[in-house]
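Undergrad: Generate coordinates for the sequence data below:
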Amino acid sequence: MTTCLVPAKDAARLLYRRAYRRIGLLTPIAADCGRLCRSKCCRGGEKDGMLLFPMEETVLYRADFLRVTDAKMGERAVRFAVCPGRCDRDLRPLSCRLYPFAPRLSKGRVCMAPDPRAAYRCPLLCRQAQPYLDPAFLSAAAAAVEGLRRLPGFDGFLHDYGRMLEGYEAFTGISYEEE
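TA: I've put the predicted structure just below:
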């Protein structure tokens, strides 16, 4: 086993920047999906926001439009980002970049699946939208998250994240089916 000579925060910044670049300007469809629903995903109250992935706040230090708070995901302490509904798209958290999809571990690798929490909010999860989803986006998103697995504890986070999503699947009817 090799040891890392780079401090964890520096490694996290580098890996998140790579992940963000990998997704780049790709979006779930080849159009502004916010026009379909009047950007419902960017509207909410003081307690609505996005879960941050492990150590992601280290790369979001310039995102002064975000209010980052502590939260719980089951027994796991996590960070949660709340925004006022408008943002600098270059400084969005990974959850925003992936929405309405979520990473899941399947057979030892990351794949993207519909996020059951988005079931009643996002029209891209309707059956009629499936032919319009961009496979390049889904592939880039999975590869971006796959690269983050080098961070300590990231797989454990993905496991707990998947368990949390399973709880929502029972209520929404949107379920993840392993490939």
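Undergrad: which other helices and strands contact the longest helix seen in the chain?
TA: The longest helix of the chain (DSSP state H) is helix 154-172. If you count contacts as 3 or more Cβ pairs under 8 Å, 6 or more residues apart in numbering; DSSP states H and E, helix 154-172 packs onto strand 67-73, strand 101-106. The C-beta positions use only the backbone N, C-alpha and C, and glycine is treated the same way.
Undergrad: Give the buried residues for stretch 82-91.
TA: For stretch 82-91, a neighbour-count test (16 or more other Cβ atoms under 10 Å) marks V82, C83, C87, L91 as buried.
Undergrad: still on that earlier bit, could you pull out the buried residues of the longest helix of the chain?
TA: F154, F157, L158, Y161, G162, M164, L165, Y168, E169, T172.
Undergrad: Isn't A71 up against A81?
TA: No. Between A71 and A81 there is no contact under Cβ atoms under 8 Å: 9.9 Å.
Undergrad: Looking at those two, which one has more neighbours?
TA: A direct count of neighbours by other Cβ atoms under 10 Å for A71 and A81 places A81 higher, at 24 against 15.
Undergrad: Name all residues that make contact with that one.
TA: 49-52, 57, 60, 63, 66-69, 93, 95 (Cβ atoms under 8 Å, 6 or more residues apart in numbering).
Undergrad: following the helix or strand bottoming out on mean pLDDT in the chain, which helix or strand comes up?
TA: None of the helices or strands of the chain scores lower by mean pLDDT, DSSP states H and E than helix 34-37, at a mean of 78. Sequence-wise, the next helix or strand downstream of helix 34-37 (DSSP states H and E) is strand 50-51.
Undergrad: strand partners of that next one, parallel vs antiparallel please.
TA: strand 76-82 (antiparallel) (DSSP bridges).
Undergrad: what angle sits between the partner strand and helix 154-172?
TA: 70 degrees (axes from the mean of the first three to the mean of the last three Cα atoms, to 10 degrees).
Undergrad: Give the buried residues for strand 76-82.
TA: So, applying 16+ other Cβ under 10 Å, buried residues of strand 76-82: R76, V78, R79, F80, A81, V82.
Undergrad: I'd like to know which of these is nearest to A141.
TA: Nearest to A141 among the buried residues of strand 76-82: A81, at 18.1 Å, using Cβ to Cβ.
Undergrad: ok, back up a step: return a ChimeraX selection command for the buried portion of the contacts of A81.
TA: Here is the ChimeraX command that selects the buried residues among these (16+ other Cβ under 10 Å):
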select :49,50,51,52,57,60,63,66,68,93,95
